[in-house]
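**Q** What follows is a predicted structure for the sequence shown.
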Amino acid sequence: LINSDKEDETCLRKYRKRCMQDMHQRLSFGPKYGYLSELQSGEQFLETIEKERKTTTIMVHIYEDGIKGCDLLNSSLTCLAAEYCMVRFCKIKASNTGAGDRFSSDVLPTLLVYRGGELVSNFLSVTEQFNEEFFA
């Protein structure tokens with residue numbers, strides 16, 4: 001019985017290792033980004049969301065110059081983009097979205113998360129959740 005427990009443990013370890021390798025291979029398949037890209041218009045924003053692969057997570061930072069925390073969040077997202085190259089990180093000025101009136105300075109910076117063309121989550125006034133000196 002003692003030997004069978006050791007054999008079971010060995011089999012479990014092999015199985016876990018194989019599962020981890022399979023998962024890693026699935027996650028590393030697909031496009032790699034590694035940078036924070038600037039979207040120039042609302043049309044480009046919609047095209048990015050709609051035409052991206054269904055398995056790719058897209059994070060969009062909506063910002064405006066002169067709004068507290070927007071520059072700091074851009075810097076943080078640049079660092080995160082380099083670390084998480086399977087996620088597509090984008091930024092767009094609120095005034096370039098075509099819906100600038102919806103993005104007043106009260107809700108900026110805003111972070112939107114999309115996957116498969118659908119909004120997964122949104123974070124308004126992101127910097128209110130952090131202290132003034134946050135980082136990636």
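**A** Yes, it's here. The structure displayed is predicted, hence computed values, not measured ones. Numbers count the residues shown, from 1 in each chain.
**Q** where does this protein have low pLDDT?
**A** Low-confidence segments of the chain (pLDDT under 70): 1-5, 25-29, 132.
**Q** remind me, longest helix of it?
**A** helix 2-27 (DSSP state H).
**Q** what's the next secondary structure element after it?
**A** Sequence-wise, the next helix or strand downstream of helix 2-27 (DSSP states H and E) is strand 36-38.
**Q** Can you list the strands that that next one pairs with?
**A** According to DSSP bridges, strand 36-38 forms sheet pairs with strand 88-93 (parallel).
**Q** which residues are in contact with the partner strand?
**A** Contact with strand 88-93 is made by 31, 33, 35-40, 44-45, 48, 52, 56-65, 74, 77-78, 80-81, as judged by C-beta atoms under 8 Å, 6 or more residues apart in numbering. The C-beta positions use only the backbone N, C-alpha and C, and glycine is treated the same way.
**Q** Which of the helices or strands spans Asp119?
**A** Not quite, residue 119 is Leu, not Asp. strand 118-123.
**Q** Can you spell out which helices and strands pack onto that strand?
**A** Packed against strand 118-123 by the contact rule (3 or more C-beta pairs under 8 Å, 6 or more residues apart in numbering; DSSP states H and E) you find strand 110-115.
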